[in-house]
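*Asks:* I'd like to go over a predicted model; first the sequence, then the structure.
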Amino acid sequence: MENLNQIIAANLKEIRKHKGLNLEQTSALTGISKSMLSQLERGEVNPTISTVYKLALGLKAPVTAFTADKPEPFSSSSKKEVAPLTGDNGRYRLYPIFSFRTDQDFEIFDLEFDEGGEMAGNQQIQGTREFITLYSGELTLVFDDREYVLKAGDHASYNAFDKYTYKNTGKGMVTANIVVHYPN
């Protein structure tokens, strides 16, 4: 894998140019100075996660659009090779199986969720939808005014820009697959 700074540099420049933006316009959208953006695009600075989130929100792109390697004509990997995103004291593990790319408007994740675990949904940009398929266990999706219970074999789709929480409300581990589809 390339150095992460170089990956972010190349992806930032590609996303900015794809959107037809110059550095000044990008600065206005992200709240990051032109000089810092220029340094980022040259790979001269190590961006903080806060900086990457500012880029993602300002340019209306997922965080992984900035951190993902370019695709090869064919690639494969094993879940064992993917570092999961974790939370709730390790009770959930979210594996980014296919990360967002500029020419691909979705991401795919595998979810492992220990009994009693809880995870706040990551509010996405307007128009984003999530599609979940539950392979095992019982998962409750909690929105502000409603709850939906999914069991093994169920699938659902929902707005990923709303506030929501995942809860393992059954016995044993939840395993699921989540597809996040971003608007064009």
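*Replies:* Nice, thanks for sending it over.
*Asks:* can I assume Gln39 sits in a helix?
*Replies:* Yes - under DSSP: H, G, I helix; E, B strand; the rest coil, Gln39 falls within a helix.
*Asks:* how deep is it tucked in, by neighbour count?
*Replies:* Number of residues near Gln39 (other Cβ atoms under 10 Å) recorded here: 16. (Glycine included, C-beta is placed from N, CA and C.)
*Asks:* Could you do Pro84 as well?
*Replies:* 16.
*Asks:* For the residue lying closest to it once chain neighbours are set aside, pull up the helix or strand it's in.
*Replies:* Leaving aside its sequence neighbours, Pro84 sits nearest to Arg93 (Cβ to Cβ, 6 or more residues apart in numbering; 3.9 Å). Using DSSP states H and E, Arg93 falls within strand 92-98.
*Asks:* Show me what that strand is packed against.
*Replies:* Packing partners of strand 92-98 (3 or more Cβ pairs under 8 Å, 6 or more residues apart in numbering; DSSP states H and E): strand 85-87, strand 106-113, strand 118-120.
*Asks:* Tell me which other helices or strands the last one touches.
*Replies:* Read it as strand 118-120. strand 92-98, strand 164-168.
*Asks:* repeat that with 10 Å
*Replies:* Judged by 3 or more Cβ pairs under 10 Å, 6 or more residues apart in numbering; DSSP states H and E, strand 118-120 is in contact with strand 85-87, strand 92-98, strand 138-143, strand 164-168.
*Asks:* buried ones in the strand holding Arg93?
*Replies:* Neighbour-count burial for strand 92-98, counted by 16 or more other Cβ atoms under 10 Å, picks out 92-96, 98.
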